[in-house]
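Enquirer: kindly generate the corresponding structure for this input.
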Amino acid sequence: MTEVRILVVEDERIVAEDLRMRLQKMGYAVPSTVSSGDEAIRELEKNGADLVIMDIVIKGEMDGIETADIIRSRFDVPVVYLTAYADEEMLNRARITEPFGYIVKPFDERELHITIEMALYKSKMENKLKEAKERFSATLNSIGDGIIAMDSGRRILFMNPAARSMTGRDLDDARGKSLEEVYNIITNGNGESTLVTGNGKTIFVEHAYTPLKDSKGKLNGLVLVFRDISGRKRAEELRLENMRLNYANKIKSEFIANTSHELVTPLNFIIGFSELLVRNTVGELNETQERYAENINKSGRHLLMLINDILDLSRIEAGKIGLFFENISVSGTINDTISLIKEKAGKHNIHLITDIDPGLEIEADEQRLKQVLLNLLDNAVKFSKKEGGTVTIKAGKEGDMALFSVSDTGIGIREEDMKKLFNQFEQLDSGISKKYGGTGLGLAITKKLVELHGGKITVESRYGEGSTFIFVIPVTQKR
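Expert: Here you go, the predicted structure:
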């Protein structure tokens, strides 16, 4: 156990020496004795002490009471007064310095020992209480909930920083005021509470009161804890709005799917009969009639393509599209797809180049993978430079993923258009739309089909130089 060090401040040498000997006999350390307040302060600055025993009447400019006041504020060392005087005026002065005990001359060793131990115990308890208060204060000041402490009359005693921030009131301004003056709460018909802040703004809060009672059960205060739930409220509103939008989107997709399906049957009749007219199956047509029939057929096919795209997209969004995964040869799937675009590329003298791992096999829905590849190849051919353009398709394995890329030497994509490239019904340029046609759904469908395979699609492009679409899908699908 560490030896307790006591500083004796006594200007009568005989008394000081007697006190030092008695203290050492009791097991305390007394490194030095001093005779004035100035000497006591210098000794504490140099060596410190665990306790000071000091006569109230000492020599020098300061008496013991003045010296104790400085020691208390600067060194936080407990002081026990030693005095032969006990008049009321002196005791009142001494009481202000909050001494830890009094020893009245003459004294016996038992009284001295008890007073010292009580002073040390009181000092130890005060330090523990101070540490607990500091920890408690740090906790209150750091938590995000607002805390307001009040007396039994609901007058404010304390507000932590969160409470001050939410109410918009300073503690100095709020202290002593009634809670209702500072905590302006409004409760609506749904039981929701809103706090009107000092600057007139309103925030949603939830709060609770805790009564503080003394040992006899008498109410002597209240603590209000409140929390800003505006963020939670907004998140809940957004969640509900998102649910409503998703439901509306599902209904819309189902409606489009049903309506589009009803359009396909009569449209197929229009396309079929117009083909019969173009082929002169039902009789010879003159030049004007033949041109009209070709326009009907061409427009019908374009409309059918649009309806099919809408059907695909609505099925995907409604969660009604199912993929049939099977083990397929990537080179065979790509070659089958190229055969569908070869004639169109040949008409414009666009070269098709392939670089495919011949042994690559993956688990995929072959028809949907062909749809992805055909969309990308069709765009690459459509936007390539006519007469001498090049479209390159590559496929290989990277780890547990199959990597595909389709590159062209076409018009490219502006940087500001990249972010809306996969948006539904959106084409990047109205002039391009008129020149090249299209529904604005192909890439949106492509992206969703790749994602349904557990993959991801990206694009790299330089305006005026061409584009490369890259997508990856797992070689093996998770069951």
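
Enquirer: for the lengthiest strand in the chain, buried residues please.
Expert: Counting residues, the longest strand in the chain under DSSP state E turns out to be strand 202-213. For strand 202-213, the neighbour count (16 or more other C-beta atoms under 10 Å) marks 203-205 as buried. C-betas here are computed from N, CA, C, even on glycine.

Enquirer: now these as JSON lines including distance to Ile356?
Expert: Listed next are the buried residues of strand 202-213 as JSON lines, based on distance: C-beta to C-beta, whole Å:
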{"residue": "Ile203", "distance to Ile356": "61"}
{"residue": "Phe204", "distance to Ile356": "59"}
{"residue": "Val205", "distance to Ile356": "63"}
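
Enquirer: against which helices or strands is the longest strand of the chain packed?
Expert: For strand 202-213, the contact count by 3 or more C-beta pairs under 8 Å, 6 or more residues apart in numbering; DSSP states H and E identifies strand 184-187, strand 193-196, strand 219-228, helix 230-278 as packing neighbours.

Enquirer: hmm, try it at 6 Å
Expert: In this structure, strand 202-213 packs against strand 193-196, strand 219-228, helix 230-278, with contacts taken as 3 or more C-beta pairs under 6 Å, 6 or more residues apart in numbering; DSSP states H and E.

Enquirer: output that strand as PDB, restricted to C-alpha atoms.
Expert: Extracted C-alpha coordinates of strand 202-213, given in PDB (Å, rounded to 0.1, in the frame of the first residue of the first chain):
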ATOM      1  CA  THR A 202     -40.600  21.400 -37.100                       C
ATOM      2  CA  ILE A 203     -39.100  17.900 -36.600                       C
ATOM      3  CA  PHE A 204     -40.800  14.600 -35.700                       C
ATOM      4  CA  VAL A 205     -39.800  13.400 -32.300                       C
ATOM      5  CA  GLU A 206     -40.600  10.600 -29.900                       C
ATOM      6  CA  HIS A 207     -40.100  11.200 -26.200                       C
ATOM      7  CA  ALA A 208     -40.500   9.800 -22.700                       C
ATOM      8  CA  TYR A 209     -40.500  11.200 -19.100                       C
ATOM      9  CA  THR A 210     -38.700   9.600 -16.100                       C
ATOM     10  CA  PRO A 211     -39.600  10.900 -12.600                       C
ATOM     11  CA  LEU A 212     -36.800  11.400 -10.100                       C
ATOM     12  CA  LYS A 213     -37.700  10.600  -6.500                       C
END
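
Enquirer: next, the angle helix 230-278 makes with that strand.
Expert: Interaxial angle, strand 202-213 versus helix 230-278 (axes from the mean of the first three to the mean of the last three C-alpha atoms, to 10 degrees): 150 degrees.

Enquirer: averaged pLDDT, strand 202-213. What do you get?
Expert: Average pLDDT, strand 202-213: 85.

Enquirer: who's in contact with it?
Expert: In this structure, residues lying in contact with strand 202-213 by C-beta atoms under 6 Å, 6 or more residues apart in numbering are 193-196, 219-230, 233.

Enquirer: and it, how far from the chain's centre?
Expert: Taking C-alpha atoms, centre = their mean, to the nearest Å, one finds strand 202-213 lying 25 Å from the centre of the chain it belongs to.

Enquirer: where does pLDDT dip in the stretch 101-250 of the chain?
Expert: For the stretch 101-250 of the chain, applying pLDDT under 70 flags the ranges 189-191.

Enquirer: what comes up buried for stretch 149-161?
Expert: Buried residues in stretch 149-161, counting neighbours by 16+ other C-beta under 10 Å, are found at 149-150, 154-156, 159-160.

Enquirer: err, stretch 468-479, not the other one
Expert: Counting neighbours by 16+ other C-beta under 10 Å, one finds that the buried residues in stretch 468-479 are 468-475.

Enquirer: the longest strand of the chain pairs with which strands?
Expert: strand 193-196 (antiparallel), strand 219-228 (antiparallel) (DSSP bridges).

Enquirer: which of these sits closest to Asp11?
Expert: Comparison of the strands paired with strand 202-213 against Asp11 by C-beta to C-beta identifies strand 219-228 as nearest, at 46.6 Å.

Enquirer: buried set for that closest one?
Expert: For strand 219-228, a neighbour-count test (16+ other C-beta under 10 Å) marks 221-222, 224-228 as buried.

Enquirer: ok so, going back, output the helices and strands packed on strand 202-213 in a markdown table; the columns should cover distance to Arg13.
Expert: A markdown table is the format used below for the helices and strands packed on strand 202-213 (distance: least, C-beta to C-beta, whole Å):
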| stretch | distance to Arg13 |
| --- | --- |
| strand 193-196 | 69 |
| strand 219-228 | 52 |
| helix 230-278 | 73 |
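
Enquirer: near Glu287, how many other residues are there?
Expert: Glu287: 7 surrounding residues under other C-beta atoms under 10 Å.

Enquirer: how close does it get to Glu294?
Expert: Distance from Glu287 to Glu294, counting by C-beta to C-beta, to the nearest Å: 11 Å.

Enquirer: list the contacts for Lys385?
Expert: Applying C-beta under 6 Å, 6+ apart to Lys385 gives the contacts Thr409.

Enquirer: that should have said Leu376, apologies.
Expert: If you count contacts by C-beta under 6 Å, 6+ apart, Leu376 has them with 406, 469.

Enquirer: from Glu317, how far off is Asn246?
Expert: As judged by C-beta to C-beta, Asn246 and Glu317 stand 9 Å apart.

Enquirer: compare these two and say which is more crowded by neighbours.
Expert: For Asn246 and Glu317, the more surrounded residue by other C-beta under 10 Å is Glu317, and the numbers stand at 19 against 11.

Enquirer: surely Ile103 touches Leu82?
Expert: Yes: using C-beta atoms under 6 Å as the test, Ile103 is close enough to Leu82 to be in contact (4.9 Å).

Enquirer: so for those two, which sits in the more crowded spot?
Expert: Neighbour count, other C-beta under 10 Å: between Ile103 and Leu82, Leu82 has more, with 27 against 20.

Enquirer: and that one, what does it touch?
Expert: For Leu82, the set of contacting residues under the criterion of C-beta under 6 Å, 6+ apart consists of 53, 55, 103.

Enquirer: and the last one, what does it touch?
Expert: With contacts defined as C-beta under 6 Å, 6+ apart, Ile103 is in contact with 82, 115.

Enquirer: could you tell me how many residues sit around Gln109?
Expert: No Gln there; residue 109 is Glu. When neighbours are counted by other C-beta under 10 Å, Glu109 comes out with 11.

Enquirer: now do Gly176
Expert: Here the neighbour count serves as a burial measure; for Gly176 (other C-beta under 10 Å) it reads 11.

Enquirer: one more: Leu352?
Expert: The burial count assigned to Leu352 is 16, neighbours taken as other C-beta under 10 Å.

Enquirer: likewise Leu267?
Expert: Around Leu267 there are 16 other residues, counting by other C-beta under 10 Å.

Enquirer: the nearest residue to it once chain neighbours are set aside and Glu361: what is the separation?
Expert: Once flanking residues are discounted, Leu267 sits nearest to Leu304: 5.5 Å by C-beta to C-beta, 6 or more residues apart in numbering. Leu304 sits at a distance of 33 Å from Glu361 (criterion: C-beta to C-beta).
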